[in-house]
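Novice: build me a model:
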Amino acid sequence: MKVSRALAMLLSLTAGSALAQDAPPVQLPAQVKALAGCWGGAGEVMGKPVTIVLSAKPIVEGAMFQIEAESQAKADPADRYAAHLVIGARAPKGAFPATLTGYWADSFGGDYTATGAGAVREDGFEIAYPYPPSSFLNRWTLAGDRLDWRITAREGDKEEPFAHYEATRMACPAAQKHG
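Specialist: A predicted model of the protein is given here:
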């Protein structure tokens with residue numbers, strides 16, 4: 001019995017050492033982290049005027065980033081939409097620079113979730129989410145306290161605007177303060 005207990009202790013210590021040696025997560029790019037905070041503005045979705053509020057922050061010990069978006073049609077306050085986005089960075093592979101990975105879930109439910117991939121740009125970042133037969137490219141552009149978010153639907157060689165929002169940084173409600 002003592003040998004089994006000693007072996008179990010040795011294995012648990014070895015497992016702990018292996019976990020401690022895991023590489024740290026890839027750091028989120030500054031272009032993504034710059035979105036942290038709260039934003040409010042207006043835009044258009046498929047030609048329909050809307051208002052939008054965003055809340056963004058690092059999550060899971062800073063390894064990932066979360067964006068909560070809520071919009072409402074200007075003509076019909078009951079026409080509401082919400083999305084939950086999670087963004088992370090992937091390690092560089094060979095000659096390829098670090099890339100972004102994303103997860104999209106929204107108020108349409110589980111049938112409309114998607115995993116996306118993208119990259120940073122000097123003035124922001126972009127992530128494309130496949131919804132066959134289309135793909136939706138999300139371009140986030142930051143200029144100081146101004147945010148421009150454009151979503152373009154792509155199907156084959158065709159591209160058309162799907163949504164466009166312009167927002168400015170605003171104070172977060174006390175319950176949503178971001179670090």
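Novice: quote the end-to-end distance of stretch 26-35.
Specialist: End-to-end distance of stretch 26-35: 18 Å, with Cα to Cα, to the nearest Å as the criterion.
Novice: against V53, how distant is A82?
Specialist: A82 sits 10 Å away from V53, going by Cβ to Cβ, to the nearest Å. In this view, the C-beta of every residue, glycine as well, is placed from N, C-alpha and C.
Novice: need the overlap of contacts for these two.
Specialist: By Cβ atoms under 8 Å, 6 or more residues apart in numbering, A82 and V53 have these common neighbours: 69-71.
Novice: looking at these, state which has the most neighbours.
Specialist: Counting neighbours by other Cβ atoms under 10 Å, S71 leads those with 23 neighbours.
Novice: you'd agree it is in a strand?
Specialist: Yes. Assessed with DSSP: H, G, I helix; E, B strand; the rest coil, S71 lies in a strand.
Novice: name whatever forms a beta bridge with the closest residue to D148 other than its chain neighbours.
Specialist: Spatial nearest neighbour of D148, chain neighbours left out: T141 (4.4 Å); criterion: Cβ to Cβ, 6 or more residues apart in numbering. Per DSSP bridges, the residues bridged to T141 are G124, D148.
Novice: who touches T141 in this structure?
Specialist: Each residue near T141 by Cβ under 8 Å, 6+ apart is listed here: 121, 123-124, 147-150.
Novice: partners of the closest residue to K74 other than its chain neighbours in the sheet?
Specialist: In space, K74 comes closest to P49 once its chain neighbours are excluded; the distance is 4.4 Å by Cβ to Cβ, 6+ apart. Counting by DSSP bridges, P49 is bridged to E44.
Novice: do the same with the one 5 residues further on
Specialist: Taking DSSP bridges, one obtains W39, A69 as the residues bridged to L54.
Novice: what about it, how many neighbours?
Specialist: When counting by other Cβ under 10 Å, one arrives at 23 neighbours for L54.
Novice: tell me if I'm right that it and A82 touch.
Specialist: No. Between L54 and A82 there is no contact under Cβ atoms under 8 Å: 10.9 Å.
Novice: could you name every residue contacting both of the two?
Specialist: By Cβ under 8 Å, 6+ apart, L54 and A82 have these common neighbours: 68-70.
Novice: nearest to T168 among the residues you listed?
Specialist: Lowest distance from T168 to these (Cβ to Cβ) belongs to A69, with 15.0 Å.
Novice: pLDDT below threshold where in the chain?
Specialist: Residues of the chain that meet the criterion pLDDT under 70 lie in 1-21, 95-96, 175-179.
Novice: just the helices in this protein please.
Specialist: Counting by DSSP state H, one finds helices in the chain at the ranges 2-20, 30-33.
Novice: in this structure Y81 contacts E68, no?
Specialist: No. In this structure, Y81 is not within contact of E68 by Cβ under 8 Å, at 11.9 Å.
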